[in-house]
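[1] here is a sequence together with a model predicted from it:
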Amino acid sequence: MASAPESPRPDEHGRGVSMMFGRIAGWYDFLNHFLSLGLDIVWRKALVRELDHGETGRVLDLAAGTLDVSREILRQHPGWRVIGADFSLPMLQRGKQKLDSPQGLAIWPVLADGRRLPLKDGCVDGVTIAFGIRNILPRETAFAEMLRVLRPGGRLCVLEFGSAKKRIWGGLYNQYLGKLLPVIGKIFSGDAQAYRYLAETIKAFPTAPELGLEMEQAGFDKVYYRPLLSGVVWLHVGEKKARP
Ligand SMILES: C[S@@+](CC[C@H](N)C(=O)[O-])C[C@H]1O[C@@H](n2cnc3c(N)ncnc32)[C@H](O)[C@@H]1O
């Protein structure tokens, strides 16, 4: 769940993010579970429960990383197909190692930038993105791509940290984020920068209503959102308008 610094130039920013995840790919899963005390698993399950069944039987898991959301989609919906797209090859390779044979057939890892997806219009029933949207600049380009590849009536489900501009649990969470998390991240992954930027991007991220508004402005319909764990994490859902 680490992130890179926000840069004014999206492509430079993207290269930095991709390289950073490449560096920490080996430690990524362990640190996710350790730093969240295993709650990341519960949050991904909640994300996938928001998906609606559909016509194409295909879902895009964007910023799929080590494919934990992709695998959860198959657990909840055996028989579906999942396109796991990410622009970090080491993250996808790590994820591929975790797939058993049936999963290996149903999950298609694709090396791709979320701002330029190599997919046809309206080819998936749903899009999931877990702890990914915070890393993509500009967000509106990624939202436009997600809308494009969704079939009419299909759902976008976003799981992301809440903005840490607000104090949570009397400031205890904010202290953890800014002080403890980069230290633990450095001890294990050797990459203090990655986990410092995780904290910084969470602080800079829009609030839940702001992100909801961005989704509406991008063209999503019926947008709603709800907090998980006192707003440490939020789930946002929006639909592509059905054909008239
Ligand atoms: C914090 S990880 C999340 C991985 C996974 N979804 C999970 O739940 O653990 C963020 C992922 O987003 C990917 N990512 C960031 N920007 C991206 C972009 N523009 N296009 C594709 N993938 C991107 C990174 O490579 C990284 O694997």
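    In hand now; what should we look at?
[2] run through the chain and note the low-pLDDT ranges.
    Where the chain drops to pLDDT under 70, the residues are 1-8, 244.
[3] what residue in it comes nearest to the ligand?
    Here the chain gets closest to the ligand at one residue, Gly65, 2.5 Å apart by Cβ to the nearest ligand atom. C-beta here means a position set from N, CA and C on the backbone, and glycine is covered the same way.
[4] residues of the longest helix that the chain contains that come out buried?
    Longest helix in the chain by number of residues (criterion: DSSP state H): helix 10-35. Residues of helix 10-35 classed as buried by neighbour count (16 or more other Cβ atoms under 10 Å): 13-14, 16-18, 20-21, 23-25, 27-29, 31-32, 35.
[5] spit out the contact partners of the residue positioned nearest the centre of the chain.
    Residue closest to the mean C-alpha point of the chain, counted by Cα atoms, centre = their mean, is Ala130 at 2.3 Å. By Cβ atoms under 8 Å, 6 or more residues apart in numbering, the contact set of Ala130 is 43-44, 47, 61, 63, 68-69, 158-160.
[6] quick one: those as CSV, columns for secondary structure, distance to Arg243 and neighbour count too.
    As requested, those are exported to CSV (DSSP: H, G, I helix; E, B strand; the rest coil; distance: Cβ to Cβ, whole Å; neighbours: other Cβ atoms under 10 Å):
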residue, secondary structure, distance to Arg243, neighbour count
Trp43, helix, 33, 21
Arg44, helix, 31, 21
Leu47, helix, 26, 26
Asp61, strand, 25, 33
Ala63, coil, 28, 24
Asp68, helix, 33, 21
Val69, helix, 28, 28
Val158, strand, 24, 28
Leu159, strand, 28, 23
Glu160, strand, 29, 25
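[7] which of the residues you listed are close to the ligand?
    Filtering the contacts of Ala130 for neighbours of the ligand using Cβ under 6 Å from any ligand atom leaves 63, 68-69.
[8] nearest to Lys166 among those residues?
    Comparing the ones next to the ligand among the contacts of Ala130 against Lys166 with Cβ to Cβ places Ala63 closest, at 24.6 Å.
[9] show me which residues of this protein sit near the ligand.
    1, 14, 17-18, 21, 32, 63-65, 68-69, 86-88, 91, 113-115, 130-132, 135-136.
[10] helix, strand or coil for Gly154?
    Three-state call for Gly154 (DSSP: H, G, I helix; E, B strand; the rest coil): strand.
[11] likewise for the one 10 residues further on?
    Counting by three-state DSSP, the backbone at Ala164 sits in coil.
[12] gap between the two ends of stretch 186-193?
    Start-to-end span of stretch 186-193 (Cα to Cα, to the nearest Å) is 8 Å.
[13] list the buried residues for that stretch?
    189, 191, 193.
[14] so the first one touches Tyr195, yeah?
    Yes - the criterion here is Cβ atoms under 8 Å, and Ser189 meets it with Tyr195 at 7.3 Å.
[15] show me what the host helix or strand of Leu235 is packed up against.
    Assigned by DSSP states H and E, Leu235 belongs to strand 233-239. When contacts are defined as 3 or more Cβ pairs under 8 Å, 6 or more residues apart in numbering; DSSP states H and E, strand 233-239 packs onto helix 39-49, strand 150-161, helix 208-217, strand 221-228.
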